[in-house]
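> this one's sequence-less:
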């Protein structure tokens, strides 16, 4: 038996987004399965770029097979498109039409090409020195935390994703794949 954390339609998952129509029509809703921190099988949903649909589903199946725990996976509309609120709830998400904090360049999340996983455990160190989400602590001993070279990180890297944990200002929660398919 799997517990359902999200069962939205695509229309519900993107309702109220400020994304241009050209972006919205490039997106799709993907159901993913994962082991949560309660040790049970859960089903959640991500809004992703169509080109990444099979890839994202496969990466989450890989994470499931490795027993990597994920708190929840719910489209960010549940949080009123508020990235900080989603991160504070340790929610894993993908599409969110927004700029990169604290600058104004559009994020790869805006195109459904970036995923933030367990953000409360895998915070981001913004260029202005602010840790997001506020109050988060990066502790590599906690389950659900990404560490350079661990199986969960390699599941993405070996499949062409970039991990934000390897950046000068680490974003441990962040994986992105912004290349166009062949």
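Right, received. Where do you want to start? All figures in this text were calculated on a predicted structure; none of them were measured in a lab.
> If you count contacts, what does the lengthiest helix in the chain end up packed against?
Scanning the chain for the longest helix, with DSSP state H as the assignment, gives helix 53-65. Packing contacts for helix 53-65, counted by 3 or more CB pairs under 8 Å, 6 or more residues apart in numbering; DSSP states H and E, involve strand 27-35, strand 41-49, helix 151-157. In short, each C-beta sits where N, CA and C put it, glycine included.
> Partner strands of the next helix or strand after the last one, with direction?
If you walk from helix 151-157 toward the C-terminus, the next helix or strand you reach (DSSP states H and E) is strand 162-163. Here strand 162-163 is paired, per DSSP bridges, with strand 174-176 (antiparallel).
> Let me see the mean pLDDT of the strand it pairs with.
Mean pLDDT, computed over strand 174-176, is 97.
> contact partners of that strand?
If you take CB atoms under 8 Å, 6 or more residues apart in numbering as the criterion, strand 174-176 is touched by 108, 113-117, 124, 156, 161-165.
> redo that, cut-off 10 Å
Identification of contacts with strand 174-176 by CB atoms under 10 Å, 6 or more residues apart in numbering yields 52, 56, 59, 94, 107-109, 111, 113-117, 119, 122, 124, 146, 152-153, 155-157, 159, 161-165, 167.
> which residues touch the nearest residue to residue 123 once chain neighbours are set aside?
Closest residue in space to residue 123, ignoring its immediate chain neighbours: residue 136 at 3.7 Å, by CB to CB, 6 or more residues apart in numbering. Contacts here follow CB under 10 Å, 6+ apart; on that basis residue 136 touches 87-88, 90, 118-124, 172-173.
> Appreciated, that's everything.
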